[in-house]
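Colleague: sharing a sequence plus its predicted fold:
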Amino acid sequence: AQSVTQLGSHVSVSEGALVLLRCNYSSSVPPYLFWYVQYPNQGLQLLLKYTSAATLVKGINGFEAEFKKSETSFHLTKPSAHMSDAAEYFCAVSHSNYQLIWGAGTKLIIKP
Amino acid sequence: NAGVTQTPKFQVLKTGQSMTLQCAQDMNHNSMYWYRQDPGMGLRLIYYSASEGTTDKGEVPNGYNVSRLNKREFSLRLESAAPSQTSVYFCASTPGLKTGELFFGEGSRLTVL
């Protein structure tokens, strides 16, 4: 069965520091992988997705993620955190063309 | 650019009352979903509709029913609300996950007293 693990329910970084949000997955077939972001009191929106093309995927707002098959990881990074990045981030893997398996989410806190 | 529209945005119910959450999308998507979001538990799938005319149970279907009224609309009904159904509910749609992404509504916050 597929599963997604996000390490750390909360991650705190200083403004301007590197952001690293971890995601590991288990999948018996080559996966489609996604990162979504949820700002307070809003729905989720797609940040980026991996669909078996380039292993380094660039998304919106300066975020990127690297697919590492050997480590079954899809960690999200941003070189320099901004206050506006404060949100909850969800990693997900496609179960089929119709369903996603979701991680529990990581709240990113930005310290001034 | 309406996207996915959910109504109502807020609702307070008493235990045992019924209500329907409405969802409509204007992107001509085939698949639609209802999720609930609870603190520390991420998103849990209640029901989904892969295409018009079909519905399937997700991870937590008990206490809920759905109707795919047409390609645009997908409603979620609570027949007899319970305090455990206090949550934020999200509707989403996609043309298909292999080619597209999930588009979410802004959520409906439901409190059951």
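Modeller: Here it is on my side, so go on.
Colleague: out of the helices and strands in chain A, which is least certain?
Modeller: For chain A, scoring each helix and strand by mean pLDDT, DSSP states H and E identifies strand A:100-102 as the least confident one, at a mean of 89.
Colleague: name whatever forms a beta bridge with the residue of chain B found nearest chain A.
Modeller: Residue of chain B nearest chain A, by Cβ to the nearest Cβ: residue B:104 (3.4 Å). For every residue, glycine as well, the C-beta is placed using N, CA and C. For residue B:104, the beta-bridge partners are residue B:92 (DSSP bridges).
Colleague: just checking, it touches residue A:100?
Modeller: No: using Cβ atoms under 8 Å, residue B:104 is not in contact with residue A:100, being 11.6 Å away.
Colleague: on that earlier part again, now for the residue of chain B closest to chain A, how many residues are close by?
Modeller: As a burial measure, residue B:104 scores 23 neighbours (other Cβ atoms under 10 Å in any protein chain shown).
Colleague: now residue A:12
Modeller: With other Cβ under 10 Å as criterion, residue A:12 counts 13.
Colleague: quick check, it in a helix?
Modeller: No: using DSSP: H, G, I helix; E, B strand; the rest coil, the assignment for residue A:12 is strand, not a helix.
Colleague: list the contacts for it?
Modeller: A:108, A:109, A:110, A:111 (Cβ atoms under 8 Å, 6 or more residues apart in numbering or on different chains).
Colleague: looking at the residues you listed, which are in strands?
Modeller: A:108, A:109, A:110, A:111 (DSSP state E).
Colleague: quick check: closest non-adjacent residue to the second one.
Modeller: The one in question is residue A:109. Once flanking residues are discounted, residue A:109 sits nearest to residue A:12: 4.3 Å by Cβ to Cβ, 6 or more residues apart in numbering or on different chains.
Colleague: from residue A:108, how far out is the one you found?
Modeller: 8 Å (Cβ to Cβ, to the nearest Å).
Colleague: and the residue in chain A that chain B sits nearest to, how many neighbours?
Modeller: Residue nearest to chain B within chain A: residue A:43 (3.4 Å; Cβ to the nearest Cβ). Counted with other Cβ under 10 Å, residues neighbouring residue A:43 total 22.
Colleague: that one reaches residue B:106, doesn't it?
Modeller: Yes: counting by Cβ under 8 Å, residue B:106 is a contact partner of residue A:43 at 5.0 Å.
Colleague: helix or strand for the residue nearest the centre of chain B, which one?
Modeller: For chain B, residue B:34 is the residue whose C-alpha lies nearest the centre (Cα atoms, centre = their mean; 2.7 Å). Assigning secondary structure by DSSP states H and E places residue B:34 in strand B:31-37.
Colleague: any part of that strand near chain A?
Modeller: Yes: counting by Cβ under 8 Å from any Cβ of the partner chain, chain A is contacted by strand B:31-37 at residue B:31.
Colleague: what is the rounded mean pLDDT of that strand?
Modeller: Averaged across strand B:31-37, pLDDT comes to 96.
Colleague: ok, and what's touching it?
Modeller: Contacts for strand B:31-37 (Cβ under 8 Å, 6+ apart): A:98, B:21, B:23, B:25, B:43-51, B:58, B:60, B:64, B:66, B:68, B:74, B:76, B:87-97, B:102, B:107.
Colleague: low-confidence ranges in chain B?
Modeller: B:1, B:99 (pLDDT under 70).
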